[in-house]
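Engineer: Need coordinates for the below:
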Amino acid sequence: MSERAWFFASVGKQEGPFPEAQFRGLIAAGRVTPDTLVWTDGMSGWEKASDVPGLIYGGVGQPPALAAGGPLEADFGVWSLLGRILLVGIGTLLVIPAPWVAVMFYRWAIAHLRVPQRPNLTFTGQPGDIWWAFVLIGLLSYAGVVHVRYLPLILLPVQAALGWVVIKWTIGKISSDGQPLPLNFTGSVWGYIGWYLLLYVSFITIIGWAWVTTATLRWVCRNIAGTQRGVSFNGTGWQVLWRTVVYSLTCIFIIPIPWMTRWFARWYVSQFSVGTPASY
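Structural biologist: All right, here's what the predicted structure looks like:
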């Protein structure tokens, strides 16, 4: 089809115009479905997307190439990953630089992710978007040194709520090939706080935190909206447990830290997949 502008109707409102490439991205993301009414120059009137020849393949879904899925990959460098993690840690402790170092890390990390059929990922968030959340996270890192009984426990829900704000903001600021992706995190703040508190309590069991971690990540994935392919976390509790133990024990020797950190981070990324839900 020639490069032309497209419009579609959503909740009784017209949206557009969208260039051809961006419009096909909306189809791939699920914002435009086979039943969505669409229009472009040359059409006599609004029609269902499934009735426009060649727009939605087979009238029921995405083109085969866009429907393909698979695991994510990360081409993190050994020293670049370690250096940025240290910078984020220092910036958070200094509080004021926290928003800038966080955005710097997200931009670098997302640019080094490889997602099937989603080329050239970029992060468009700015330090001023939710600067207050990162500043509060930095301040809360000192809760343990304040001599107020039970203060760290009292602040756990606050820490969880701030984590929810960061996740929701991060997911909504991802673009591909210069086009914003219509991604959104729909999980509730109370649900996230519940998982966060459960994870904290699970450390009493010594190993139970690994299974709570996998369950939390699966819950997060289930609540990522705006993509037809779906996102899933395929790692198991045992895999999280033994890799964390190996990573922790190896890092005692200091020298292996850079290589083990990359190994650990790349494994976690590889357990996320699009279009291929795991069998839990």
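Engineer: can I assume W211 is in contact with G237?
Structural biologist: Yes - counting by C-beta atoms under 8 Å, W211 does reach G237; the two are 3.6 Å apart. For glycine as for every other residue, the C-beta is placed from the backbone atoms N, C-alpha and C.
Engineer: measure I171 to T214 for me?
Structural biologist: Counting by C-beta to C-beta, to the nearest Å, the gap from I171 to T214 is 19 Å.
Engineer: With V52 instead?
Structural biologist: Counting by C-beta to C-beta, the gap from V52 to T214 is 42 Å.
Engineer: next one: W169
Structural biologist: Following C-beta to C-beta, the distance that separates W169 from T214 is 24 Å.
Engineer: Between the two, which is the more surrounded one?
Structural biologist: T214 (22 against 15; other C-beta atoms under 10 Å).
Engineer: Packing partners of the helix or strand hosting the more buried one?
Structural biologist: Element membership for T214, per DSSP states H and E: helix 208-222. Packing partners of helix 208-222 (3 or more C-beta pairs under 8 Å, 6 or more residues apart in numbering; DSSP states H and E): helix 189-202, strand 231-233, helix 237-251.
Engineer: now it: how far from the chain's centre is it?
Structural biologist: Here helix 208-222 is found 14 Å from its chain centre; the criterion is C-alpha atoms, centre = their mean, to the nearest Å.
Engineer: Show me which residues of it are buried.
Structural biologist: Judged by neighbour count (16 or more other C-beta atoms under 10 Å), helix 208-222 contains these buried residues: 208-218, 220-221.
Engineer: before we move on, what about stretch 185-205?
Structural biologist: F185, G187, Y192, I193, W195, Y196, L199, S202.
Engineer: And those residues, which is closest to Q159?
Structural biologist: Y196 (7.3 Å; C-beta to C-beta).
Engineer: What's the first helix or strand after the helix or strand of the chain with the lowest mean pLDDT?
Structural biologist: Counting by mean pLDDT, DSSP states H and E, the chain has its least confident helix or strand at helix 64-67, which shows a mean of 43. Scanning forward in sequence from helix 64-67 by DSSP H and E, the next helix or strand is strand 70-71.
Engineer: Can you name every helix or strand that that following strand contacts?
Structural biologist: Strand 70-71 packs on strand 272-274, going by 3+ C-beta pairs under 8 Å, 6+ apart.
Engineer: What residues of the strand it packs on count as buried?
Structural biologist: Using 16+ other C-beta under 10 Å as the test for burial, strand 272-274 gives F272, S273, V274.
Engineer: Spell out, range by range, the strands that occur in the protein.
Structural biologist: Ranges of strands in the chain, per DSSP state E, are 6-10, 13-18, 37-40, 47-48, 70-71, 73-74, 113-114, 121-123, 174-176, 179-180, 184-185, 224-225, 231-233, 272-274.
Engineer: Nearest approach to L151 belongs to which of the ones you listed?
Structural biologist: strand 184-185 (28.9 Å).
Engineer: Neighbouring strands - and their directions - for that closest one?
Structural biologist: strand 224-225 (antiparallel) (DSSP bridges).
Engineer: Geometric centre of this structure: which residue is closest?
Structural biologist: I171 (4.6 Å; C-alpha atoms, centre = their mean).
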